[in-house]
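Asker: show me the folded form of this:
(2 chains)
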There are 2 protein chains.
Amino acid sequence: MKDKKGLLFVLSGPSGAGKSTVIREVLRRNPALYFSISCTTRPPRQQEKDGFHYFFIDHNQFKAMIARDEFLEYAEYVGNYYGTPLPQIKSKLDAGIDVLLDIEIQGAIHVREKMPESVSIFLAPPSFQELERRLRSRNTDKEEKILSRLKTARAEFQKMPLYDYVVINHKVEDAVSEIESILKAEHCRTAHRMQLIEEE
Amino acid sequence: MKDKKGLLFVLSGPSGAGKSTVIREVLRRNPALYFSISCTTRPPRQQEKDGFHYFFIDHNQFKAMIARDEFLEYAEYVGNYYGTPLPQIKSKLDAGIDVLLDIEIQGAIHVREKMPESVSIFLAPPSFQELERRLRSRNTDKEEKILSRLKTARAEFQKMPLYDYVVINHKVEDAVSEIESILKAEHCRTAHRMQLIEEE
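Answerer: You can find the predicted model right below:
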C-alpha cells in the first residue's frame, strides 16, 4: 500500500480560549503530528527560540519568500510580518504526515481558500464570562488590552460558522480528546479512504 | 443548557466485513448509544429473541405500520418484510440520545434521503481476498451462497462513495476505535455546535 497523503488541520480560537495548552497536549500525545512553525520579522522575545516558537527572519528574507510564493498565508501586524511557510507543510503532507497549524482567523480563511481540503477547528471558550475570567486571571494584561481582546473575541465568534468543527474548551483533557477524534475521523472520510483503496 | 438532539448513525457493510462483532463492541463500550432494532415478519430462528434481535410481528401489523408511515425504511426480501421503526428512533434523538442503525445498503440510501443529517459509515473488509477467506472460514455456507455473497459484496462496494465515512476492518479494536472517533467528531461539527450555542 502506498503511503497516503497527510491531512492539514487548522486550529483557531480567540485569545484566552486556551489554545496553547490544548495544542501542547495534542502534540505530546500525538508525536507523529507535525506542528507548523510560522515565520516572523518581529524580534524574538525573551525565552523565544528560533525554529521553535518562530522562524525569526528579516524583512528582506520575508519579502523574498513572498516573491517565491512560499507562504500559505501571511499578514502584517503592527509593522511586522507573520507567515505560514508552505514548503515544509507540503513536504510533510506528501510524506503522509498530518500537519497542524495554529493560525488566527483571517489567516485560516485564506488557508481554506488555498487548500479547501484542509480541516478547520475553532477552539471556543465555554462562554464570554469564562473568557473574561481567564483573561483577567492571567494578570499580565492591562484593562484596555483585556477589553480589546474581548471585543476581538466577539468578532471572531461571528466567523465560527466558517469552520468545520467547534471544540468547546471546558476542560483541556476533553478538548484534546475531541480534537484527537476529529483527526482520526477525518482519515475515515470516504474521499480520503477511496484514494487509498484505489491505490492498492 | 437545553438537552441537545442526538445524532443518527447508519452502519452498513457487506456480509463478512465483521459488522456484528464490531457493533457488539461499540455498544459494549458506549452504553448510552441506542441500537435500533428492526421489525420483521419472518419467524424467529432458534435463539432469536423478540425485542432483542428483531421485533417479530405479523404481516397485518407490518402493513398497519406502513400505513401509519412508521418506518424510516422497509424492504421485502424472500417474501418477508424488514423495516426500521421510526417512532423509537425519533424519541431517542429528541431526548439527546445517539442512535445506531445496522442497515443494508439500499436501506441506507433511503435513510439518507429521509434524514439527510444522518451520518453514514461503510464497514469494509481489508480486501476481497480477506472477505472470501472470512466467508469460507465460517464453514456454514454452501459454495453457491459464498459466491453469491461475494458478488453482492462487489456490488455493495460500488455504493461506498455514497457514505460519509469508510472504516476498514483490519482489526476489530481499531475499527471500533475509528467508529467511536466518528461518533465523537460528529458532535463537534459546527452546525451541531452552533445549535447548542444559540440555545444557551
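
Asker: going forward, measure contacts between C-alpha atoms and count neighbours the same way
Answerer: Will do.

Asker: tell me the domain ranges of chain A?
Answerer: By the assignment in automatic domain parsing, chain A contains the domains A:1-33+A:98-200, A:37-97.

Asker: chain A against chain B: which residues are in contact?
Answerer: A:160-161, A:163-167, A:178-182, A:184-185, A:188-191, A:193-194 (Cα under 8 Å from any Cα of the partner chain).

Asker: hmm, 10 Å instead?
Answerer: Residues of chain A that fall close to chain B, judged by Cα under 10 Å from any Cα of the partner chain: A:121-122, A:126-127, A:160-168, A:177-194, A:197, A:200.

Asker: filter the residues you listed to the buried ones?
Answerer: The neighbour count (16 or more other Cα atoms under 10 Å in any protein chain shown) marks A:121-122, A:160, A:163-168, A:177-194 as buried among the residues of chain A next to chain B.

Asker: neighbours around A:Val22, how many?
Answerer: 21 (other Cα atoms under 10 Å in any protein chain shown).

Asker: how about A:Lys151?
Answerer: Neighbour tally, A:Lys151, other Cα under 10 Å: 11.

Asker: tell me which element it falls in.
Answerer: helix A:143-157 (DSSP states H and E).

Asker: output the contacting helices and strands for that helix.
Answerer: helix A:105-114, strand A:119-124, helix A:128-137 (3 or more Cα pairs under 10 Å, 6 or more residues apart in numbering or on different chains; DSSP states H and E).

Asker: rerun that using 8 Å as the cut-off
Answerer: helix A:128-137 (3 or more Cα pairs under 8 Å, 6 or more residues apart in numbering or on different chains; DSSP states H and E).

Asker: quick one: contacts of the helix it packs on?
Answerer: Outside helix A:128-137, the residues within contact range by Cα atoms under 8 Å, 6 or more residues apart in numbering or on different chains are A:15-17, A:125, A:141, A:146, A:150.

Asker: neighbour-wise, give me the winner out of those.
Answerer: A:Ala17 (26 neighbours).

Asker: can you pull the contacts of the closest residue to it other than its chain neighbours?
Answerer: Leaving aside its sequence neighbours, A:Ala17 sits nearest to A:Pro125 (Cα to Cα, 6 or more residues apart in numbering or on different chains; 4.7 Å). Each residue near A:Pro125 by Cα under 8 Å, 6+ apart is listed here: A:16-18, A:131, A:168-170.

Asker: may I have the phi/psi pair for A:Pro125?
Answerer: Dihedral pair for A:Pro125: phi -70, psi 160, per degrees, to the nearest 10.

Asker: not counting its neighbours along the chain, what's nearest the residue most central in space within chain A?
Answerer: The residue lying closest to the centre of chain A (Cα atoms, centre = their mean) is A:Asp102, at 1.7 Å. Once flanking residues are discounted, A:Asp102 sits nearest to A:Leu11: 5.0 Å by Cα to Cα, 6+ apart.

Asker: pLDDT score for the one you found?
Answerer: Confidence at A:Leu11, expressed as pLDDT, is 96.

Asker: just checking: what are the partner strands of the one helix or strand it maps to?
Answerer: Secondary-structure assignment from DSSP H and E places A:Leu11 in strand A:8-12. The pairing partners recorded for strand A:8-12 under DSSP bridges are strand A:99-102 (parallel), strand A:119-124 (parallel).

Asker: in a helix, that's where A:Leu183 is, yeah?
Answerer: Yes - with DSSP: H, G, I helix; E, B strand; the rest coil as the criterion, A:Leu183 is located in a helix.

Asker: so what's the closest residue to it other than its chain neighbours up against?
Answerer: Nearest residue to A:Leu183, sequence neighbours excluded (Cα to Cα, 6+ apart): A:Phe9, at 7.9 Å. Contacts of A:Phe9 were listed using Cα under 8 Å, 6+ apart, and they are A:98-101, A:118-121, A:183.

Asker: make it 6 Å
Answerer: Listed by Cα atoms under 6 Å, 6 or more residues apart in numbering or on different chains, the contact set of A:Phe9 reads A:100, A:118-120.

Asker: tell me the buried residues within the residues you listed.
Answerer: A:100, A:118-120.

Asker: tell me which of these is nearest to B:Ala108?
Answerer: Nearest to B:Ala108 among the buried ones among the contacts of A:Phe9, counting by Cα to Cα, is A:Val119 at 26.3 Å.
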